[in-house]
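> show me how the following folds:
(chains A, B, C and D)
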Number of protein chains: 2
Amino acid sequence: MAEPAKSSPLSELRIALPSLPLRLQEVGRFVAANDYDATTRSMRDLAAEAGADPAAFTRLAKAIGYSGWDELRAALTEERRPSQTAPFSGRTRGRRHGPNADVTLILDKLEAEAAGLPRIPAQPIAEAARALHDAKRIWIAGYRSCRSVAELLNYELRLFRPEQVQLVGTSGPDDLDLGAFRPSEAVIVIGFLPYTHASVRVAQAAHRSGATLIAIADSLSAPMAEGADHVLLFEAASSPGFFPSLTGAIAIAQSLAAVTFSLGGAAAKKRLENTEARLTAASTYVPEKG
Amino acid sequence: MAEPAKSSPLSELRIALPSLPLRLQEVGRFVAANDYDATTRSMRDLAAEAGADPAAFTRLAKAIGYSGWDELRAALTEERRPSQTAPFSGRTRGRRHGPNADVTLILDKLEAEAAGLPRIPAQPIAEAARALHDAKRIWIAGYRSCRSVAELLNYELRLFRPEQVQLVGTSGPDDLDLGAFRPSEAVIVIGFLPYTHASVRVAQAAHRSGATLIAIADSLSAPMAEGADHVLLFEAASSPGFFPSLTGAIAIAQSLAAVTFSLGGAAAKKRLENTEARLTAASTYVPEKG
DNA sequence: AAATTTATGCAACAAATGTTTCATGGCCGA
DNA sequence: TCGGCCATGAAACATTTGTTGCATAAATTT
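Numbering: from 1, shown residues only, chains lettered A, B, ... in the order given. Now for the predicted structure:
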């Protein structure tokens, strides 16, 4: 009947949590959220802080397969021990294949993407943000994998400028929107190699209309960057693996939104607070633990 | 005669060390070298390992100005507490405002996000990818800003597993899909603070159904991580600015897709080539100039 | 509605913890 | 050499620790 030892005590706890009695769930959550205190302070101390019975901690430990609280605490302690894990990266560059070829791939990917971020030029982002700030309306377009970036930008900008931001193609075929661009507006197009015809069409329409065109792209020579007033560059191919990396584009999008927000000043802050208040009132969010 | 509380218990110890009796010096060195064990294990345990008398620890604590070993240990514990705030990042460099306050904000943001990426644990991603590989069907859910991550994952996975990947809530209300989860399937939920009720509902439904639950979250104690078979952690709050950072979540999503693809082997490669060929035939892409 | 199981708080328990006392042994100054 | 002083280990001490038995409350089944 003894459960086989799983990977990590915290994940064991997490897996078992939903099937536990109510009070045990409470203390389980408390332990997961305060695992450092769990390893350093006494069970009775924790019980007092969690507002629970000391016995609940013993029962919790037994419920997830340990002989008692002491054993659980020992497992948590060992997991937290600092020395065992390498402090930072620069590891195991050797074998290309092997038991953890996957892990190696991931580490290389993360490292490469981390290296790419500081190479993003900041100045153009700041300038583009000012253009967004001045625009009467903001259109956003991105296709295929870039659609996620477009939607994130749309979401964040709408938090404080709800009536002036719009995704291209939400209310029908793209072509309907392409004729709606005006000189006082801004159009953001996101794309990288291989470039879609759709994104190029949007960029051209924006240029023809006289609207401010902002391109988030992987190259200055990208077709949607032609005629753009602002080009924000990132490295899509910098990381290993099959799919082009989007972290750079996401980072640019979020920086753009952040600076535009800060340019908005008190008015933007007020509108964002209103939006958040409305969402809270609609109980969209799970209330934070008290 | 009480010494004033110095900066750090470890430096107090180091300063007082030379003027202590021989045995207390030994014990003091042992504590300095094993301070993690000093905070977690019992005094007698340490004494046994150090080959010293338990009483020596009490005397050591008193010798450097504490009321006893308990108080010294408490000080060491507080010093080691991890969550004090962000572990590093030299933020607020120089001027807070000025002509390029915006550029500074962007640079800080990019730097912080770049620093966060290598801290993403890779092993859980590899394990989750294997679970995805084995799943008969894959569901993906993410709300509000996390929707962009969900859609990116959906897009990339569908490139090579078109019939088995689906966003929760595309074909009607979410609730319709929640009843469709099966034990042989996998459900991916993305979310961070503040957590939406919708994402928690999906996670709970997945757990109840017996499907493999994969949570991409900012904390082990996130409500959608409860009962999850795999939790992939990233730092959402690591970067300055108002909006939580999504680069970590995006990087995880792309790594997950990349590893899952590589697990798919020749079959996945073949299907992706088919998809690409179809898109090329439909002239979705702008032909590369050459 | 009654019976049965389960969950939970309380209190008592034995074991372990940190501390203190005491006896011993070594050291230095008279 | 003697006598005071301090360092040190062993054992006894009062607390505190994690645990468990028990009675009650809640939930579930019959």
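> ok, A:Glu127 - contacts?
Applying Cβ atoms under 8 Å, 6 or more residues apart in numbering or on different chains, one finds that A:Glu127 lies in contact with A:His230. Quick note: C-beta positions are derived from backbone N, CA and C, even for glycine.
> what's the offset of the helix or strand harbouring it from the middle of its chain?
Assigned by DSSP states H and E, A:Glu127 belongs to helix A:123-134. Put simply, helix A:123-134 sits 22 Å off its chain's centre (Cα atoms, centre = their mean, to the nearest Å).
> any idea which helix or strand comes after that helix?
Helix A:123-134 is succeeded, C-terminally, by strand A:138-142 (DSSP H and E).
> related to what we said a few turns ago, may I see the buried residues of the helix holding A:Glu127?
A:124-129, A:131-133 (16 or more other Cβ atoms under 10 Å in any protein chain shown).
> any idea of the mean pLDDT for stretch A:181-189?
Averaged across stretch A:181-189, the pLDDT comes to 94.
> please identify the buried residues of that stretch?
For stretch A:181-189, using 16+ other Cβ under 10 Å, the buried residues are A:181, A:185-189.
> does it come close to chain B?
No: against chain B, stretch A:181-189 shows no contacts by Cβ under 8 Å from any Cβ of the partner chain, the least distance being 13.0 Å.
> so the residue in the stretch 101-250 of chain A that DNA strand C sits nearest to is in which element?
Going by Cβ to the nearest atom of the strand, DNA strand C is nearest to A:Val103 of the stretch 101-250 of chain A, at 37.1 Å. In the assignment (DSSP H and E), A:Val103 maps to helix A:101-116.
> count the residues that sit near A:Glu113.
A count of neighbours around A:Glu113, defined by other Cβ atoms under 10 Å in any protein chain shown, yields 28.
> show the pLDDT at it.
For A:Glu113, the predicted pLDDT is 88.
> turn the buried residues of stretch A:181-189 into CSV, including secondary structure and distance to DNA strand C.
Below are those laid out as CSV (DSSP: H, G, I helix; E, B strand; the rest coil; distance: Cβ to the nearest atom of the strand, whole Å):
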residue, secondary structure, distance to DNA strand C
A:Phe181, coil, 60
A:Glu185, coil, 58
A:Ala186, strand, 56
A:Val187, strand, 57
A:Ile188, strand, 52
A:Val189, strand, 55
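> farthest pair in the residues you listed?
Using Cβ to Cβ, the buried residues of stretch A:181-189 span at most 13.2 Å, a distance reached by A:Glu185 and A:Val189.
> by proximity to DNA strand D, which residue of the stretch 1-150 of chain A wins?
A:Gly68 (1.9 Å).
> now do the contacts for A:Phe57.
A:Phe57 neighbours (Cβ under 8 Å, 6+ apart): A:27, A:31, A:43, A:46-47, A:69.
> the helix or strand where it lies close to DNA strand D?
Using DSSP H and E, the element containing A:Phe57 is helix A:54-63. Yes: residues of helix A:54-63 are located near DNA strand D by Cβ under 7 Å from any atom of the strand, namely A:54-55, A:57-59, A:61-62.
> residues near the residue of the stretch 1-150 of chain A closest to DNA strand D, how many?
14.
> same check, this time on A:Gly191
Quick note: A:Gly191 (other Cβ under 10 Å) scores 32 neighbours.
> repeat for A:Ala48
A:Ala48: 12 neighbours (other Cβ under 10 Å).
> so the one helix or strand it maps to versus helix A:54-63, what angle?
In this assignment (DSSP H and E), A:Ala48 forms part of helix A:43-50. Computed by axes from the mean of the first three to the mean of the last three Cα atoms, to 10 degrees, the angle separating helix A:43-50 from helix A:54-63 equals 110 degrees.
> which residues in the stretch 151-290 of chain A form strands?
Using DSSP state E, counting those that start in this stretch, the strands of the stretch 151-290 of chain A run over residues A:165-167, A:186-191, A:212-217, A:230-233.
> so what touches the host helix or strand of A:Leu10?
According to DSSP H and E, A:Leu10 maps onto helix A:9-16. Identification of contacts with helix A:9-16 by Cβ under 8 Å, 6+ apart yields A:6, A:28, A:31-32, A:35, A:63-66, A:72, A:75-76, A:79, B:220, B:225-229, B:231.
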